[in-house]
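Visitor: pasting the sequence and the predicted coordinates here, then a few questions.
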Amino acid sequence: MSVTKSAWRRRVAAGATGAAMLASAACSAATQGVAGSAQSAGPVKDGGTLVVAQTSDADPGSFLKTSIGNIASEYAIFETLTLIDGKTGRPEGVLARSWTLAPDGRSMDLQLRDDVTFHSGRKMTADDVIFVIKQVQDPKTGAANQSIAAQITDMAAKGDHELSLTFKRPLPNIFDLFETMPIQNKDTYADYAAGTKVDGTGRFTWKSWTPGGKLQLAKYAGHRDAQNTHVDTIEITLIKDPTAMVAAIRSGRVHYGVGMAALDARTLSQQPGFELVTSGGAAIALGFDVTKPPFDNKAVRQAVHYAIDRERIKQQVEGGQADATNLPWRTSTIGYDAAQAKQYTFQADKAKQLLAEAGVKNTSFDMVTLNTPEATGVFQIVKNNLAAIGLDAKPVVLTAADYDARIAKRDMGAPAFLMQNSNGLSPASAVVSRPELLAEDNLSHFKSPEYSELVTAVTRASTAADQEKALKAHSAYFADQAFVLPLVTRPTLTVRAEAVSGITSTQMGFLDLGQAGLSK
């Protein structure tokens with residue numbers, strides 16, 4: 001990743017308790033499997049065009065939402081204040097040179113780089129950072145980690161390249177916010193959504209975009225480290241059809257494929273000249289609007305838990321590269337309990353019994369799903385499982401943009417919906433950021449004092465022992481209420497030609513193509 005390698009060492013740890021808490025939270029998130037880059041077959045040349053294919057279209061109005069359509073472009077165009085280093089688990093400065101945490105953990109001073117320019121030529125300042133934080137704080141934006149940003153009560157610029165932040169309470173997950181908050185130009189922000197002017201500070205500029213077709217990025221000669229940007233152009237092509245994606249990579253027209261079906265990725269990677277790359281990861285779950293019958297009945301939701309064959313999803317959709325689970329966390333998460341993860345096993349008879357006791361039979365309902373090979377594959381298995389117990393799920397297939405818009409409005413428009421969210425965040429960040437896990441205003445419209453208290457305990461646990469205790473208590477209640485049904489967690493699988501190197505990923509599973517190169 002493009003980071004300032006000495007930034008952590010330069011950090012002034014003003015307050016050992018608060019600093020340790022922040023570092024612990026960062027390590028907790030990062031050590032859950034953030035991937036580095038794979039090596040190419042030979043030395044890298046300068047120049048050329050890296051061609052990437054993905055299954056979802058770019059979404060220039062959603063750079064603060066971690067939209068799946070921006071997975072390949074966001075970190076090439078933009079930069080963040082910090083990134084979690086996948087090897088050390090510590091935050092490293094990118095746009096932030098250093099930071100100082102107050103002894104009580106309730107405020108932070110940030111020193112920004114003074115050599116950063118937007119692609120339009122204007123220098124980045126503290127005012128841009130403050131502007132972006134305010135956008136993230138606004139619920140209308142639908143930004144990732146909005147709830148973390150909401151804990152920032154005051155922001156003040158101290159000159160062009162220094163600012164101070166004041167928190168309502170200590171924020172052990174502040175670096176999760178920084179990681180998902182690309183700094184954007186406050187003067188041109190309103191133009192981003194149209195996709196005609198996208199102004200970042202990263203190694204590549206937004207050159208042109210044809211919605212539903214192709215996005216072209218060009219090397220930014222004014223970047224402070226432009227000499228280490230290798231390719232001249234990145235071309236990101238939309239290929240929705242799984243067969244066409246495989247054919248494009250196999251033929252050499254595409255160097256890197258993102259969002260492929262897991263079985264396709266594994267098969268292609270076993271052929272000479274290609275390699276399977278894992279990065280980040282996602283939690284795939286089925287959610288219910290608990291205000292709409294029959295899912296206002298907990299027993300019905302639990303019945304669906306028992307009805308779903310997660311192992312079949314793991315094998316047939318994910319090619320075995322997944323964990324079938326009842327929990328939304330990675331298995332390496334502090335507090336992950338294997339017994340809790342297997343509480344609901346595949347028992348169709350048990351599901352039928354619960355439905356009969358609830359007086360529910362021969363019921364039809366809509367289920368929202370993304371228009372991707374993976375999502376439609378999961379949906380088909382879930383639909384068949386539910387049909388076997390007398391429930392008829394009718395698909396409502398959405399584009400990534402429509403899907404994100406419904407999430408932002410907290411209105412999925414259907415009683416049931418399949419979710420796919422990154423599980424790279426620590427639980428302390430996930431429960432206040434992932435829209436299906438929130439205590440307030442979640443996608444299921446589920447609310448209870450008990451759940452709010454459990455979420456608060458997860459966010460405030462600072463030691464490993466406290467984190468384990470808080471997460472186990474949360475998971476037990478979460479599984480019992482069954483307003484969200486985790487199905488599988490899995491790494492992101494991509495396939496690259498061996499001629500490509502230098503591609504890394506963030507802890508959220510987004511790609512950083514900034515220093516990618518092609519072999520000579």
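Guide: That came through fine.

Visitor: distance of the spatially most central residue of the chain from Ile68?
Guide: When the chain is reduced to its mean C-alpha position, the nearest residue by Cα atoms, centre = their mean turns out to be Ser422, at 3.5 Å. According to Cβ to Cβ, to the nearest Å, Ser422 stands 9 Å off from Ile68. Bear in mind the C-beta positions are built from the backbone N, C-alpha and C, glycine included.

Visitor: can you count the residues close to the nearest residue to Leu518 once chain neighbours are set aside?
Guide: Counting by Cβ to Cβ, 6 or more residues apart in numbering, Leu518 lies nearest to Gly48, which is 4.9 Å off, once chain neighbours are set aside. By the other Cβ atoms under 10 Å criterion, the neighbourhood of Gly48 contains 17 residues.

Visitor: which secondary structure element contains Gly89?
Guide: Counting by DSSP states H and E, there is no helix or strand that carries Gly89.

Visitor: for it, give me the pLDDT.
Guide: As predicted, Gly89 sits at a pLDDT of 70.

Visitor: how many residues are close by it?
Guide: 19.

Visitor: what does Thr492 give?
Guide: Using other Cβ under 10 Å, Thr492 has 24 other residues around it.

Visitor: enumerate every residue touching it.
Guide: By Cβ atoms under 8 Å, 6 or more residues apart in numbering, the contact set of Thr492 is 258, 278-282, 505, 509.

Visitor: next one: Ile133
Guide: Neighbours of Ile133 in contact, by Cβ under 8 Å, 6+ apart: 149, 152, 155, 165, 181.

Visitor: now do the contacts for the third one.
Guide: Read it as Met155. By Cβ under 8 Å, 6+ apart, the residues touching Met155 are 130, 133-134, 163-166.

Visitor: one more time with 7 Å
Guide: Contact analysis of Met155 by Cβ atoms under 7 Å, 6 or more residues apart in numbering lists 130, 133, 163, 165.

Visitor: likewise the second one?
Guide: For Ile152, the contact set (Cβ under 7 Å, 6+ apart) comprises 133, 165-167.

Visitor: so what's it bridging to?
Guide: Phe167 (DSSP bridges).

Visitor: so what pLDDT did it get?
Guide: Among the per-residue scores, Ile152 holds a pLDDT of 97.

Visitor: what helix or strand is His305 on?
Guide: For His305, the host element (DSSP H and E) is helix 298-307.

Visitor: show me what secondary structure element comes after that helix.
Guide: helix 310-312.

Visitor: stretch 383-396: end-to-end distance?
Guide: Terminal residues of stretch 383-396 lie 12 Å apart, using Cα to Cα, to the nearest Å.

Visitor: list the buried residues of it.
Guide: Neighbour counts over stretch 383-396 (16 or more other Cβ atoms under 10 Å) mark 383, 385-386, 389-391, 393, 395-396 as buried.

Visitor: contacting residues around it?
Guide: 303-304, 307-309, 348, 351-352, 355, 361-369, 379, 382, 414, 416.

Visitor: give me the buried entries from the residues you listed.
Guide: When the contacts of stretch 383-396 are checked for burial by 16+ other Cβ under 10 Å, the buried set is 303-304, 307-309, 351-352, 355, 363, 365, 367-369, 379, 382, 414, 416.

Visitor: out of those residues, which sit inside strands?
Guide: 363, 365, 367-369, 416 (DSSP state E).

Visitor: so which residues of the stretch 51-200 of the chain form strands?
Guide: Using DSSP state E, counting those that start in this stretch, the strands found in the stretch 51-200 of the chain span residues 82-84, 91-93, 96-101, 107-112, 152-157, 162-167.

Visitor: can you list the ones you listed in CSV and add distance to Pro60?
Guide: Converted to CSV, the strands of the stretch 51-200 of the chain look like this (distance: least, Cβ to Cβ, whole Å):
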stretch, distance to Pro60
strand 82-84, 22
strand 91-93, 26
strand 96-101, 25
strand 107-112, 25
strand 152-157, 26
strand 162-167, 26
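
Visitor: just to revisit the earlier point, can I get the ones in strands among the buried ones among the contacts of stretch 383-396 in CSV including distance to Thr205?
Guide: Listed next are those as CSV, based on distance: Cβ to Cβ, whole Å:
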residue, distance to Thr205
Thr363, 52
Phe365, 46
Met367, 40
Val368, 35
Thr369, 34
Ala416, 41
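
Visitor: how about TSV for those residues, with pLDDT added?
Guide: Below are these laid out as TSV (pLDDT from 0 to 100):
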residue	pLDDT
Thr363	95
Phe365	97
Met367	98
Val368	97
Thr369	95
Ala416	97
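
Visitor: going by distance to Ala497, which of those wins?
Guide: Among these, Thr369 lies closest to Ala497 (Cβ to Cβ), at 30.8 Å.

Visitor: measure the closest one to Ala282 for me?
Guide: 14 Å.

Visitor: do Ala439 as well
Guide: Distance, Ala439 to Ala282, using Cβ to Cβ: 22 Å.

Visitor: show me where the stretch 1-150 of the chain dips below the pLDDT cut-off.
Guide: 1-42, 86 (pLDDT under 70).

Visitor: quick one, helices of it?
Guide: Assigned by DSSP state H, counting those that start in this stretch, the helices in the stretch 1-150 of the chain fall at 7-10, 16-30, 74-77, 126-137, 146-149.

Visitor: with the stretch 251-400 of the chain instead?
Guide: Secondary structure of the stretch 251-400 of the chain by DSSP H, counting those that start in this stretch: the helices cover 262-269, 298-307, 310-312, 338-341, 348-358, 373-387, 400-409.

Visitor: in the second one, what's buried?
Guide: Yep, that's helix 298-307 we're talking about. Under the neighbour-count criterion of 16+ other Cβ under 10 Å, helix 298-307 has 300-307 buried.

Visitor: and for the third one?
Guide: The neighbour-count criterion (16+ other Cβ under 10 Å) identifies Arg310 as the buried residues of helix 310-312.

Visitor: for the fourth one, same thing?
Guide: In terms of neighbour count (16+ other Cβ under 10 Å), helix 338-341 has its buried residues at 340-341.

Visitor: for that helix, what is the average pLDDT?
Guide: Mean predicted lDDT for helix 338-341 stands at 95.

Visitor: cool, the longest one as well?
Guide: Throughout helix 373-387, pLDDT has a mean value of 95.

Visitor: ok, the fifth one next?
Guide: On average, the pLDDT along helix 348-358 is 97.

Visitor: restricted to strands, list the contacts of Thr492.
Guide: Applying DSSP E to those, the entries found in strands are 258, 278-282, 505.

Visitor: quick check: the farthest pair among the residues you listed?
Guide: The distance between the two most remote of these (Cβ to Cβ) is 13.9 Å, for Val258 and Gly281.

Visitor: who wins for proximity to Thr196 among the helices of the stretch 251-400 of the chain?
Guide: With Cβ to Cβ as the criterion, Thr196 lies closest to helix 400-409 of these, at 16.4 Å.

Visitor: what's the closest non-adjacent residue to His445?
Guide: Closest to His445 by Cβ to Cβ, 6+ apart is Thr291, at 5.0 Å.

Visitor: ok so, going back, out of the strands of the stretch 51-200 of the chain, nearest to Ala375?
Guide: strand 82-84 (27.4 Å).

Visitor: tell me what the closest one is packed against?
Guide: Strand 82-84 sits against helix 16-30, strand 91-93, helix 174-179, with contacts defined as 3 or more Cβ pairs under 7 Å, 6 or more residues apart in numbering; DSSP states H and E.
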